[in-house]
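Student: Got a sequence here, can you model it:
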Amino acid sequence: MSIVSLFDLSNDVAVVTGAGRGIGEGIAHVFADAGAAVVCAARRTEEIERVAKDIRAKGGRAIAATTDVTNEEAIEALAETAVGEFGSLDIWVNNAGGSPIQSPLLELPREEWDATLLLNLTAPWLCTRAASKYMGEKGGRILHISSRAGSDPVPGSGHYSAAKAALNNMTVSMARELGPRIRVNTIEPGAVPTEIMMQALKLEEKDLPALEKAIKLPAGRLGTPQDLGAAALYLCSPATEWVTGVILPVSGGM
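Tutor: The predicted structure follows:
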């Protein structure tokens with residue numbers, strides 16, 4: 001197999017949740033550039049329609065599918081849409097997640113704890129369960145988007161850290177239970193200034209140079225959605241047929 005073909009997704013159909021902005025948008029574009037047909041899923045219809053339109057404008061294949069990943073019926077419909085539109089389901093990226101709230105654990109409202117676990121842990125479980133059924137005998141690849149907070153807890157974000165730590169653990173269990181038919185891996189992004197990160201940390205665009213200087217990443221800069229898209233391509237490509245159950249930090253050395 002040639003080096004180029006190791007990263008070719010031309011025969012694949014990929015679902016990317018949370019694809020309307022940030023890391024999800026970056027992954028959707030990289031997958032489309034690698035040849036995949038991409039189903040862009042999120043709750044905000046106008047955002048995923050824009051991403052799908054941008055992909056098609058470059059000659060790629062993409063559709064938008066409005067989806068709430070905390071709703072089991074909506075997840076099932078999303079999988080059916082991918083197969084109905086493009087004929088198969090080969091890759092599923094559980095990117096939707098996050099928490100806009102920072103609070104000491106003992107002061108955190110119960111509803112925020114429940115909402116964080118639902119979005120960041122239960123939803124990936126539900127999505128993986130649905131995706132594995134539609135991937136059939138041929139199998140496929142599941143990719144979770146976790147956070148460095150899952151391995152290195154952040155004070156004030158203990159609820160989010162706990163959810164992502166559980167997601168990391170679930171990755172290994174899933175890899176062992178679903179292999180060899182389905183490979184399951186996880187990426188832990190570091191400091192990527194997405195909308196939800198900016199909201200949680202109460203940052204504005206003008207604050208980013210100071211943040212970059214303060215955290216002193218070995219890589220010398222903050223991350224970008226394309227950085228995460230490249231890592232996602234690696235883990236979902238033929239190049240990693242012997243890689244499963246991995247928690248991969250993509251964090252500039254954090």
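
Student: Ala77 reaches Asp68, doesn't it?
Tutor: No. Contact criterion CB atoms under 8 Å: Ala77 and Asp68 do not qualify, at 10.3 Å. Backbone N, C-alpha and C define where each C-beta goes, glycine included.

Student: would you list every one of the strands in the stretch 51-200 of the chain?
Tutor: For the stretch 51-200 of the chain, the strands defined by DSSP state E, counting those that start in this stretch cover 61-66, 91-94, 140-145, 182-189.

Student: Return the most buried member of these.
Tutor: Greatest average neighbour count among these goes to strand 91-94 (a mean of 30), per mean count of other CB atoms under 10 Å.

Student: and that strand, what does it pack onto?
Tutor: strand 13-17, helix 22-33, helix 123-135, strand 140-145, helix 225-236 (3 or more CB pairs under 8 Å, 6 or more residues apart in numbering; DSSP states H and E).

Student: Which neighbours do Ala77 and Asp68 have in common?
Tutor: Counting by CB atoms under 8 Å, 6 or more residues apart in numbering, Ala77 and Asp68 have no shared contacts at all.

Student: you'd agree Ala14 is up against Ile91?
Tutor: Yes. Using CB under 8 Å, Ala14 makes contact with Ile91 at a distance of 3.8 Å.

Student: Now do Ala57: how many residues are near it, please.
Tutor: Applying other CB atoms under 10 Å, we find 9 residues neighbouring Ala57.

Student: brain fart, Val83
Tutor: Neighbours around Val83, by other CB under 10 Å: 15.

Student: So for it, what's the pLDDT?
Tutor: Note for Val83: predicted pLDDT of 98.

Student: before we move on, the earlier item: quick one: common contacting residues for Ala14 and Ile91?
Tutor: Jointly contacting Ala14 and Ile91 under the rule CB under 8 Å, 6+ apart are 31, 36, 236.
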